[in-house]
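Student: I'll drop the sequence and a predicted model, then ask my questions.
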Amino acid sequence: MAKRIHPQGLHPKAPKPASAVLPSREAVLAFIDESPEKVGKREIAQAFGIKGSDKIELKRLLKDLQEEGVIEKDRSGLRKAGRLPPVVVADIDSRRDRDGELVARPAQWDPDAGPVPVITVLMPRGRRTNGPAPGTGDRALLKIEPDGDTPNRYLGRVIKVIGRNRAETLGVYRALPTGGGRIVPVDKKAQGREIAVPAGGEGEALDGDLVTVTLGREDRFGLTQGRVKERLGSLSSEKAVSLIAIHAHDIPHVFPREVLAEAEAAREVGLEGRDDWRELPLVTIDPPDAKDHDDAVMALPDPDPANPGGFVVTVAIADVAAYVRPGTPLDREALLRGNSVYFPDRVVPMLPERISNDLCSLRPGQDRPALAVRMIVTAEGRKLRHSFHRVMMRSRAKLAYAQAQAAIDGRPDEITGPLLDGVLRPLWAAYDALAAARDARGPLALDLPERKVILNPEGGVDRVIVPERLAAHRLIEEFMIQANVAAAEILESAGQPLIYRVHDEPSLEKMRALGEVMASIGLKLPKEANLRPALFNRILGMVEGSEHQLFLNEVVLRSQAQAVYAAENAGHFGLSLRRYAHFTSPIRRYADLIVHRALIRALRLGSDGLPAGMETGDLAEIGQQISAAERRAMAAERETIDRLIAHHLADRVGATFSGQVSGVTRSGLFIKLDETGADGFIPISTLGADYFRHEEGRHALVGERTRETFRLGDKVEVRLMEAAPVAGALRFEIAGGGRSASPGPARGGPHKGPRKGRPAPPSRDSLTKRRGRRA
């Protein structure tokens, strides 16, 4: 659709700027609905000539429209409720429409917003793409526009295919004595719909194997036919569990031959054109089992008398851009993967090991190219200035978090002893200053345990632990945040397009839900005109040390928006920062590689920066794609842990566990176990002999006769009744807990059993992952 240009940049329905009268609600809604570009408060004010104090009235009008549910706001701007944003991730239907056109529906849609929109996928001739053309069952990134005046219909042009064809599925093969067999799908949504495999169609699959199957037509009995395409392994071992998530989420995990060949052909970068920093005492501090080391740090007192008590803080990051050039097979594969994916038993890396674990790993005593930032910080932790340099470095030592912390705590070893006074103590002194500035800034301070699954030599779960959170972890995290901010600032000041890490403030709907949850435990949501992280920190302070501390931290986390990658800045709410980008992990995040290339281009540090033709529009598409890849990785990691723990608990059916009610629905209760953090479900039909009603406003199930109540956040004892390792599902029954309630009529509708399509348990987003991996 051709872009419409109007005099003075005004929308055709907007009045001339000469009039400063506040527009009517209808005029504002028409402008938002019909504008072909992003619309925000600034665009509306410009279009209607609103200036000065009138902008306050406009802000109030827009807030009223949001609260009434007439319009919605996200990082793409304002739009009428129920309308799709200009760019969406959509799933293409398995069947075409009557005209033979591909039809897609948004991958995420709130049922409360009305019927799911339908998008007709347009396939222009000669479209340029690095991957296959979209087909039925694919997931694709679409740029959309309304389909005339037809309500809820859109036209979509393919930007990128981001998912594998869904004409294949994943399941467990069950052999039949007469030959052939059945496939039991892994997908919970397909449970009960087996796939028939004819004799000879099983390939090399054995009974109990995890397989991919190519789907065919239905037979005369209504069973979908299929043939085994690939045998992935036996599910008798937990080592196959991560394969389920890899294949279920279409995560690329085998590098193409040309990608491996390019990586193996890479040669070490020389000193030419770089600053020689090989004598600087840079060290890496990582988990003890880390295989790649992509960041090194150091800090020294600032010798400048104008900065008394200040520091020179240096963060050096592996120069991945020197080896991964734009447009090469290696680069295209990295973009396709988007990020590395971390499972308890394996890592699916973004880059081949030759790059990630060798050429770009900052090994001690070896020359390695790096892109480094040097920051001048005051004694109070305020950054005065910073500069970026392309360098050759040589790491002084490879340290583990606990090892560095032990040295500071008075227990140095043979490696940390010689580094204590000249390297480690200055690092900790600089961190103390930065931490004071961070506390004054007031970022969101969630306190949630980060559980780690420890495997035994056979690949099964040995135990689930909560690693101690050390000052060494916080030091590296804070240094990385400061480096990320510096990268965003210098690129913005240079006018260089980049990919930001954006985190919006919570929506009004989520704030209302948070207020309801707080009211259910006797707390009141504080009222503030402007949302700030400090508000949530005060909420968390209300329950510190109480039985609700962990539960409310989870609820506050769920109330936050999802952090994403975007070419337009909207700030980072959780970190309380005006601008933020990911710079510090280019080995495992494509966003960071883009930022490195942007720095090289903007600061003229080499010829391998962002291509000259790559501008904001291209970066916006990349941001959409890698945001989707990040969500894919999060889901796969979470589901694999669920499956491993379900496998671990399978021989403890009948045992009792302590837990907490983490979700209340019309179908039953979601329970989070204290011991492992595992999530499970109690169907409402098994709660007892009483007749339970769902009181949505109270987030509770209430017995009609006994008034026994199960409320969000309640501590309960549960008995494990069933563990399904393949699905990662646990089913419990109440063994103790609940509470009596004062008599009175129960509200809400009666529900004696679960409905079809049980909702998934609430999940954490990626806001607070350690070391800024996903912040």
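Tutor: Okay, I see it.
Student: Run through who's touching the helix or strand where residue 184 lies.
Tutor: Taking DSSP states H and E as the criterion, residue 184 maps to strand 181-185. Residues outside strand 181-185 that contact it (Cβ atoms under 8 Å, 6 or more residues apart in numbering): 169-176, 191, 193-197, 202, 205, 207, 211, 213, 226, 228, 726. Any C-beta I mention is one placed from the backbone N, CA and C, and that applies to glycine too.
Student: Filter those residues down to the buried ones, ChimeraX style.
Tutor: Listed next is the ChimeraX selection for buried residues among the contacts of strand 181-185, using 16 or more other Cβ atoms under 10 Å:
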select :169,170,171,172,173,175,194,195,196,197,202,205,211,213,226,228,726
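Student: Out of the contacts of strand 181-185, which sit inside strands?
Tutor: Under the assignment DSSP state E, those contribute 169-175, 195-197, 211, 213, 226, 228 to strands.
Student: and of those, the nearest to residue 278?
Tutor: residue 170 (49.2 Å; Cβ to Cβ).
Student: Distance of that closest one relative to residue 183?
Tutor: Distance, residue 170 to residue 183, using Cβ to Cβ, to the nearest Å: 9 Å.
Student: Run through the bridge partners of residue 195.
Tutor: Beta-bridge partners recorded for residue 195 (DSSP bridges): residue 183, residue 224.
Student: which residues touch it?
Tutor: 169, 171, 182, 183, 185, 213, 215, 223, 224, 225, 226.
Student: Overlap of the contact sets of residue 170 and residue 183?
Tutor: Joint contacts of residue 170 and residue 183 (Cβ under 8 Å, 6+ apart) are 211, 213.
Student: avg pLDDT for stretch 340-355?
Tutor: Averaging pLDDT along stretch 340-355 gives 94.
Student: Show me which positions of it end up buried.
Tutor: Buried-residue list, stretch 340-355, by 16+ other Cβ under 10 Å: 340-345, 347-355.
Student: Can you name the two of the residues you listed that sit furthest apart?
Tutor: The largest separation in the buried residues of stretch 340-355, counting by Cβ to Cβ, is between 344 and 354 at 24.5 Å.
Student: Nearest to residue 103 among the buried residues of stretch 340-355?
Tutor: Among the buried residues of stretch 340-355, and counting by Cβ to Cβ, the member closest to residue 103 is residue 341, at 30.5 Å.
Student: Any stretches of the stretch 151-300 of the chain with poor pLDDT?
Tutor: 163-167, 188-192, 219-222, 235-240 (pLDDT under 70).
Student: can you map out the helices along it?
Tutor: 241-248, 257-265 (DSSP state H, counting those that start in this stretch).
Student: Let me have the ones you listed in TSV, extended by mean neighbour count.
Tutor: Below are the helices of the stretch 151-300 of the chain laid out as TSV (neighbours: other Cβ atoms under 10 Å):
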stretch	mean neighbour count
helix 241-248	23
helix 257-265	15
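Student: and those helices as JSON lines, adding distance to residue 445?
Tutor: Conversion of the helices of the stretch 151-300 of the chain to JSON lines gives the following (distance: least, Cβ to Cβ, whole Å):
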{"stretch": "helix 241-248", "distance to residue 445": "31"}
{"stretch": "helix 257-265", "distance to residue 445": "41"}
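Student: What strands line up against the helix or strand harbouring residue 501, and which way round?
Tutor: In the assignment (DSSP H and E), residue 501 maps to strand 500-502. Strand pairing for strand 500-502, determined by DSSP bridges: strand 564-566 (antiparallel).
Student: Name the residues of the partner strand that are buried.
Tutor: Going by neighbour count (16+ other Cβ under 10 Å), the buried part of strand 564-566 is 564, 565, 566.
Student: What does the pLDDT read for the last one?
Tutor: Okay, so that is residue 566. As predicted, residue 566 sits at a pLDDT of 95.
Student: ok, back up a step: and for the strand holding residue 501, what are the contacting residues?
Tutor: 75, 484, 488, 563-572, 579-582, 591, 775.
Student: do stretch 337-345 as well
Tutor: Under Cβ under 8 Å, 6+ apart, the answer for stretch 337-345 is 238-239, 241-242, 245-246, 251-252, 347-350, 356, 453-455, 459, 587-590, 625-626, 628-630, 632-633, 636-637, 640-641, 644.
Student: cool, and stretch 453-470?
Tutor: Counting by Cβ under 8 Å, 6+ apart, residues outside stretch 453-470 touching it are 237-239, 344-345, 401-402, 405, 449-452, 641, 644-645, 647-648, 675-677.
Student: Just the buried subset of those, written out for PyMOL, thanks.
Tutor: Selecting only the buried entries of the contacts of stretch 453-470 in PyMOL, with 16+ other Cβ under 10 Å as the criterion:
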select buried, resi 238+239+344+345+401+402+405+641+644+645+647+648+676+677
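Student: So which of the contacts of stretch 453-470 are in helices?
Tutor: If you go by DSSP state H, the contacts of stretch 453-470 have 401, 402, 405, 641, 644, 645, 647, 648 in helices.
Student: Does residue 574 touch residue 441 like I think?
Tutor: No: counting by Cβ atoms under 8 Å, residue 574 stays clear of residue 441, with 11.5 Å between them.
Student: Looking only at neighbour counts, state which of the two leads.
Tutor: Neighbour count, other Cβ atoms under 10 Å: between residue 574 and residue 441, residue 574 has more, with 25 against 13.
Student: Show the pLDDT at that one.
Tutor: The model's pLDDT for residue 574 equals 96.
Student: Can you tell me how far it is from residue 533?
Tutor: From residue 574 across to residue 533, the span is 6 Å (Cβ to Cβ).
Student: what is in contact with those two at once?
Tutor: By Cβ under 8 Å, 6+ apart, residue 574 and residue 533 have these common neighbours: 443, 444.
Student: Share the number of residues neighbouring residue 231, please.
Tutor: Based on other Cβ under 10 Å, the number of other residues close to residue 231 is 16.
Student: so what's it bridging to?
Tutor: The partner residues for residue 231, given DSSP bridges, come to residue 211.
Student: Low-confidence regions, the stretch 451-600 of the chain specifically.
Tutor: Using pLDDT under 70, the stretch 451-600 of the chain has no residue that qualifies.
Student: All the helices of it, residue numbers only.
Tutor: Using DSSP H, counting those that start in this stretch, helices in the stretch 451-600 of the chain cover 471-493, 508-520, 533-542, 549-559, 590-602.
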